[in-house]
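1. My questions are about this predicted structure, shown below with the sequence.
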Amino acid sequence: MAVIEVQNLRKYYGDTVAVRDVSFTVERGEIFGILGPNGAGKTTTVECVAGLRTPDDGTITVLGREPRDPELRRLVGVQLQESQLPEKLTVREALELYSAFYPEPADWRALARELGLTERLGARYAKLSGGQKQRLSIALALIGNPRIAILDELTTGLDPQARRDTWDLIESIRDTGVTIVLVTHFMEEAERLCDRIAVIDRGKVAALDTPAGLIAGIAVEQRLRFRPSTPVDDTLLTALDEVREVRHHGGQLEVIGAGNLLHAVTSVLATHQIIANDLRIEQASLDDAFVRLTGRNETE
Amino acid sequence: MRVFRKLTMTELRLLVREPVSAFFSFLFPTILVVILGSIPSFRTPSDDLGGGRVIDLYIGIAALLTLAMLGLQVVPMVLATYREGILRRLATTPVRPILLLAAQLAAALIVAVVSTSLAIAVGRIAFDVALPSQFAGFVLAYLLSALGVFAIGLFIAALAPTGKAGNSIGTLLFFPSMFFAGLWTPREVFPEVLKRVSDFTPLGAGERAVHEAMTGHWPNALSATVLVGYLVVFGVAAARLFRWS
């Protein structure tokens, strides 16, 4: 069942088109990723979904309601990129204050613990590191026990350990039935967390699929590299349907192909009693899919 | 109401945590009273003031000074700073951002009342300045002044792009406003023309109403009308123009 439906969303800032034509639905209980280069319209899209901006065209429903419906402020938790707290407010005060905003808040002490903020409860907002501010921001998005959490650039500014901890937290929150919309430009994050991903580029949805589906969809080649235990006759390999090309790099072989390449190659080697030493497989990643879809190298 | 109380308490805490503005808001009016009260000639009745003493006048002026510092300088700075991300965060919660504005004004009013009470108490104890003889009138005059001045502060906050800008605009307004309230020369010795002008300024009207209440009268109709006028005009303009992000 869809909890968020976006149809033909369009949004301008003056003459600039921020979102040209974006449609997607988010199902209950999934982690839905919105991936795209900077300036692609990701943030504008979620701000419209969160009811913070009014679309110029298109329709959005969230839990069957219009995004600006006040009732949704209680049901949807939002973590924004550019939101702040008063500099001299302490972490504890912020958590207490924000939990007073909701009828059935989460236990803020438990949230602080899960986000590693317990030791900083007495610290003022201005004294927090970037990562701590980010974690407090996530805590405040989750403090109202929302049914949907919209998280924009969730782990920006976090160190690798904190990032992994945050991913675990997001997964455990999803396991309690919360639907999560995740805006990100981290491939690793999208691949690890998201059930489905909408790749947004230049204000449009360039692709929408599972991470595996996105990767399969671009059908890029696979590469195998190994050191055969005895020299291999190239024709053994090039005879295979899956293999397109064989290259030699000193004692190392590089086999390029598609489909179930690994199985085909290792089968042939096995029947000829050749051992593939130092076997490495280079597969397409979400990165490759992203580059293929958006024509850009970097998400930045 | 529970949320409003909690927000107000938070705003109050935050105001107290700003050392400079907390010092000025809470203590400066009292310090002014102490300094002026220490000058012997200010403690003797003067014919220029119709037999009153300078120090008697300055209790009312000190009350207006508190309101001007809070309303014109602190409130615009805090609220314009809140536009830099805090109101936006609040907009994603069930709390309407306007409640934060109201809480900030309530917190500022609490600080003002404490500060003014302190100045009045010190004036009474140290320099024998009579307490307001029309107490209800004094409260009314004080509240009207607070509302008028805070509405202007809200209006500045509505227009100022940043907290710094809000504070600068407020400071620019503070000096002429306080001049008309008689901070440098009491209104009572103003030439007639200046007095008339002063009657129409927010702090001038406020000072006149507060001063009259000190000496036993209800706020006069002109001062009350002027203050309500500032409240309505600037309050409505602020509500219309306030940019939430």
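-> That came in fine, so what should we check first? Predicted, not measured: the structure shown is a model, and the values here were computed from it.

2. For whichever helix in chain B runs longest, buried residues please.
-> Assignment by DSSP state H gives helix B:97-127 as the longest helix of chain B. Judged by neighbour count using 16 or more other CB atoms under 10 Å in any protein chain shown, the buried positions of helix B:97-127 are B:97, B:100-113, B:115-116, B:118-120, B:122-123, B:127. No exception for glycine: its C-beta is placed from N, CA and C like everyone else's.

3. and that helix, anywhere near chain A?
-> No. Residues of helix B:97-127 are not located near chain A by CB under 8 Å from any CB of the partner chain, the shortest gap being 9.7 Å.

4. Tell me which helix or strand comes right after that helix.
-> Later in the chain than helix B:97-127, the nearest helix or strand by DSSP states H and E is helix B:135-159.

5. next helix or strand past that following helix?
-> Once the chain leaves helix B:135-159, the next helix or strand it forms, by DSSP H and E, is helix B:163-181.

6. got the angle between that following helix and helix B:135-159?
-> 140 degrees (axes from the mean of the first three to the mean of the last three CA atoms, to 10 degrees).

7. what's next to helix B:163-181, contact-wise?
-> With contact meaning CB atoms under 8 Å, 6 or more residues apart in numbering or on different chains, helix B:163-181 is reached by B:61, B:64-65, B:68-69, B:72-73, B:75-81, B:84, B:152-153, B:156-157, B:159-160, B:184, B:187, B:197-198, B:201-204, B:206-207.

8. Need the buried ones from the residues you listed selected in PyMOL.
-> Selecting only the buried entries of those in PyMOL, with 16+ other CB under 10 Å as the criterion:
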select buried, chain B and resi 61+64+65+68+69+72+73+75+76+77+78+79+80+81+152+153+156+157+159+160+187+198+201+202+203+204+206+207
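
9. filter the contacts of helix B:163-181 by proximity to chain A?
-> Near chain A, judged by CB under 8 Å from any CB, the entries from the contacts of helix B:163-181 are B:81, B:84.

10. And the pLDDT at residue A:220?
-> pLDDT recorded at residue A:220 is 63.

11. what do you get for residue A:252?
-> Residue A:252 carries a pLDDT value of 89.

12. is it true that it touches residue A:223?
-> No. With contact defined as CB atoms under 8 Å, residue A:252 does not reach residue A:223; the gap is 11.6 Å.

13. Compare neighbour counts for those two and give me the winner.
-> residue A:223 (17 against 14; other CB atoms under 10 Å in any protein chain shown).

14. Could I get the contacting residues of the residue lying closest to that one once chain neighbours are set aside?
-> Among residues not flanking residue A:223 along the chain, residue A:282 sits closest, at 4.2 Å (CB to CB, 6 or more residues apart in numbering or on different chains). The contact partners of residue A:282, taken as CB under 8 Å, 6+ apart, are A:222, A:223, A:224, A:225.

15. measure the second one to residue A:254 for me?
-> Applying CB to CB, to the nearest Å, one obtains 6 Å for the distance of residue A:223 from residue A:254.

16. one step back: the longest helix of chain B packs against which elements?
-> helix B:2-16, helix B:19-37, helix B:54-68, helix B:75-82, helix B:86-91, helix B:135-159 (3 or more CB pairs under 8 Å, 6 or more residues apart in numbering or on different chains; DSSP states H and E).

17. just how off-centre is stretch A:98-106 within its chain?
-> 28 Å (CA atoms, centre = their mean, to the nearest Å).

18. what about the residue of chain B found nearest chain A, how many neighbours?
-> Proximity of chain B to chain A (CB to the nearest CB) peaks at residue B:85, 3.2 Å away. By the criterion of other CB under 10 Å, residue B:85 has 17 neighbours.

19. cool, residue A:86 as well?
-> With other CB under 10 Å as criterion, residue A:86 counts 21.

20. Pull the contacting residues for the nearest residue to it once chain neighbours are set aside.
-> Residue nearest to residue A:86 in three dimensions, not counting chain neighbours: residue B:14, with 5.4 Å by CB to CB, 6+ apart. Neighbouring residues of residue B:14 by CB under 8 Å, 6+ apart: A:86, A:88, A:89, B:78, B:107.

21. Output those as CSV; include the columns distance to residue B:8 and pLDDT.
-> Shown next, in CSV, are those (distance: CB to CB, whole Å; pLDDT from 0 to 100):
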residue, distance to residue B:8, pLDDT
A:86, 14, 92
A:88, 16, 93
A:89, 14, 95
B:78, 13, 92
B:107, 5, 96
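
22. pLDDT value on whichever residue of chain A sits closest to chain B, please?
-> Of all residues in chain A, the one sitting closest to chain B is residue A:84 (3.2 Å; CB to the nearest CB). At residue A:84, the pLDDT value in this model is 83.

23. Give the full set of residues in contact with it.
-> A:125, B:84, B:85, B:86, B:89.

24. again with residue A:227
-> A:251, A:252, A:253, A:276, A:277, A:278 are the contacts of residue A:227 under CB under 8 Å, 6+ apart.

25. what do you get if the cut-off is 10 Å, keeping everything else the same?
-> A:249, A:250, A:251, A:252, A:253, A:275, A:276, A:277, A:278, A:279 (CB atoms under 10 Å, 6 or more residues apart in numbering or on different chains).

26. thinking the last one is in contact with residue A:225, fair?
-> Translated: residue A:279. Yes. The criterion here is CB atoms under 10 Å, and residue A:279 meets it with residue A:225 at 7.4 Å.

27. mind checking the longest helix of chain A?
-> Max-length helix for chain A by DSSP H is helix A:160-175.

28. gap between the very next helix or strand once past that helix and the chain center?
-> Of the helices and strands lying after helix A:160-175 in sequence (DSSP H and E), the nearest is strand A:179-184. A distance of 7 Å separates the centroid of the chain from that of strand A:179-184, by CA atoms, centre = their mean.

29. Neighbours of residue A:181, how many?
-> Counted with other CB under 10 Å, residue A:181 comes out at 27.

30. Residue A:35 is in contact with that one, correct?
-> No. Here residue A:181 lies out of contact with residue A:35, judged by CB under 10 Å, at a distance of 11.7 Å.

31. so what sits against both of the two?
-> What both residue A:181 and residue A:35 touch, as defined by CB under 10 Å, 6+ apart, is the set A:194, A:198.

32. what sits in contact with each of residue A:279 and residue A:225?
-> With CB under 10 Å, 6+ apart as the test, residue A:279 and residue A:225 reach no residue in common.

33. Any stretches of the stretch 151-300 of chain A with poor pLDDT?
-> A:218-220, A:284, A:296-300 (pLDDT under 70).

34. Having no further points to raise, I will conclude here.
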